[in-house]
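Q: Please work out how this folds:
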Amino acid sequence: MSAAPVEASGTLRASGAAPARGGEDEAAAPLAPRARLLPSLAAVYRAQLSRARVARIPLLFVATFQSVGIMILMRGVVEGGDEARSVVAGSAVLVVAFVALNLLAQYFGQLRATGGLDHYATLPVPPAAVVLGAAAAYASFTVPGTVVTAVVGCGLFGLPLTHLWVLVAVVPLAGAALAGLGAACGLLAPRAELATLLGQLGMSAALLLGVLPPDHMPQLIRWCRDLLPSTYGVEALARTFSGAPDWPAVLGDLGVCAGVGVLSLALATWAYRRAAVSGAR
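A: Sure, this is the predicted structure:
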């Protein structure tokens with residue numbers, strides 16, 4: 001015995017009943033409302049955090065060991081003063097660049113190459129939540145390494161630890177700016193290998209332009225340094241190592257990081273939409 005068909009409105013209709021008169025469409029079931037940004041962001045963040053937790057210890061070790069090793073090498077060349085402050089601040093922010101720029105570019109490049117974006121495209125979440133959630137999850141792993149690097153650097157070069165609380169602002173703001181660029185590189189690169197290459201080049205730029213003292217650099221290199229958003233986080237942190245920090249200048253550098261972070265994350269969101277649409281075709 002055949003079951004009576006179910007109408008879209010959820011009511012039963014007899015098997016032999018005539019269709020609706022006048023060609024009227026049957027009432028469609030209402031769709032679930034689209035998820036809001038903040039709940040979606042929290043859900044993506046928790047999912048990405050648990051996914052990347054397996055690689056947390058190797059990731060933290062590599063990023064921190066790299067920055068501490070650079071400071072030890074520079075200790076034989078730089079003794080103190082502004083150069084020491086630049087080396088320590090640049091090495092601390094380099095931990096953020098390693099994760100937010102390099103690893104995030106690789107992650108989104110592989111996600112696009114393997115069709116992983118199709119999974120997120122089927123979810124009723126805003127594209128900004130996907131980008132921000134992944135960026136925040138990866139940036140969360142940089143906090144311990146950044147703090148350890150800054151403390152070790154202060155001990156190596158005899159710098160004060162008084163104002164290291166500025167890292168509370170430097171890490172998320174510089175991380176947002178670099179994470180947006182890393183995600184955009186991974187999403188816009190036509191191949192995963194090219195996304196990895198772009199991430200490596202970006203981290204190398206953060207190393208050379210952020211860690212090395214700018215006083216002896218050619219003017220052209222200084223101009224390139226001004227274009228890298230992480231250097232403003234380096235400058236903000238380096239200013240706090242002096243006896244009397246110039247707080248308006250520190251806030252100005254952090255404001256540049258925040259502005260670039262908004263723009264880079266908006267670029268990454270646009271790149272995500274573009275990649276999702278092209279993958280659906």
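Q: pretty sure Asp246 is touching Thr240, no?
A: No - look at Asp246 against Thr240 with C-beta atoms under 8 Å: they stay out of range, at 9.3 Å. Every C-beta, even on glycine, is put in place using the N, C-alpha and C of the backbone.
Q: could you measure the residue most central in space within the chain against Pro58, distance?
A: The chain has Ala179 as the residue nearest its centroid, 2.4 Å off, counting by C-alpha atoms, centre = their mean. Taking C-beta to C-beta, to the nearest Å as the measure, Ala179 falls 20 Å from Pro58.
Q: ditto for Gly186
A: Taking C-beta to C-beta, one finds Gly186 at 20 Å from Pro58.
Q: Between those two, tell me which one has more neighbours.
A: Higher neighbour count among Gly186 and Pro58: Gly186, with 30 against 9, using other C-beta atoms under 10 Å.
Q: Looks like the more buried one contacts Gly199 (just checking).
A: Yes - shown here, Gly186 and Gly199 form a contact pair, counting by C-beta under 8 Å, at 7.3 Å.
Q: Give me the common contacts of the two.
A: Leu104, Ala105, Gln106, Gly109 (C-beta atoms under 8 Å, 6 or more residues apart in numbering).
Q: residue boundaries of the helices in this structure?
A: For the chain, the helices identified by DSSP state H occupy 37-52, 56-75, 81-97, 104-113, 117-121, 127-140, 142-157, 167-188, 192-211, 219-227, 230-239, 247-280, in order along the chain.
Q: Name the residue in Asp246 and Thr240 with the higher neighbour count.
A: Neighbours were counted for Asp246 and for Thr240 using other C-beta under 10 Å; Thr240 has more, 21 against 12.
Q: Now do the contacts for the more buried one.
A: Thr162, His163, Leu164, Val166, Val250.
Q: Show me which of those are buried.
A: The neighbour-count criterion (16 or more other C-beta atoms under 10 Å) marks His163, Leu164, Val166, Val250 among the contacts of Thr240 as buried.
Q: what's in contact with stretch 255-274?
A: 117, 127-128, 130-132, 135, 170, 173-174, 176-181, 183-184, 187-188, 229-230, 232-233, 236.
Q: ok, and for stretch 60-72, which residues are buried?
A: For stretch 60-72, using 16+ other C-beta under 10 Å, the buried residues are Leu60, Val62, Ala63, Thr64, Gln66, Ser67, Val68, Ile70, Met71.
Q: ditto for stretch 252-270
A: Under 16+ other C-beta under 10 Å, the buried positions of stretch 252-270 are 253-254, 256-258, 260-261, 264-265, 267-270.
Q: and the residue nearest to the centre of the chain, what does it touch?
A: Ala100, Leu101, Leu104, Ala135, Ala136, Tyr138, Ala139, Ser264, Leu265, Ala268.
Q: I'd like the residues you listed written out as a markdown table, with pLDDT and distance to Leu94 added.
A: Putting those into a markdown table (pLDDT from 0 to 100; distance: C-beta to C-beta, whole Å) gives the following:
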| residue | pLDDT | distance to Leu94 |
| --- | --- | --- |
| Ala100 | 83 | 11 |
| Leu101 | 86 | 10 |
| Leu104 | 87 | 15 |
| Ala135 | 82 | 18 |
| Ala136 | 83 | 19 |
| Tyr138 | 79 | 15 |
| Ala139 | 77 | 14 |
| Ser264 | 90 | 18 |
| Leu265 | 89 | 21 |
| Ala268 | 89 | 21 |
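Q: Of those residues, which is the nearest to Leu41?
A: Ala136 (7.7 Å; C-beta to C-beta).
Q: hang on, isn't the closest one packed against Ala47?
A: No - applying C-beta under 8 Å, one finds Ala136 not in contact with Ala47, separated by 11.6 Å.
Q: The two: which has the busier surroundings?
A: Of the pair Ala136 and Ala47, Ala136 is the one with more neighbours under other C-beta under 10 Å, namely 20 against 13.
Q: Spatially, and excluding backbone neighbours, which residue is closest to the more buried one.
A: Tyr45 (5.2 Å; C-beta to C-beta, 6 or more residues apart in numbering).
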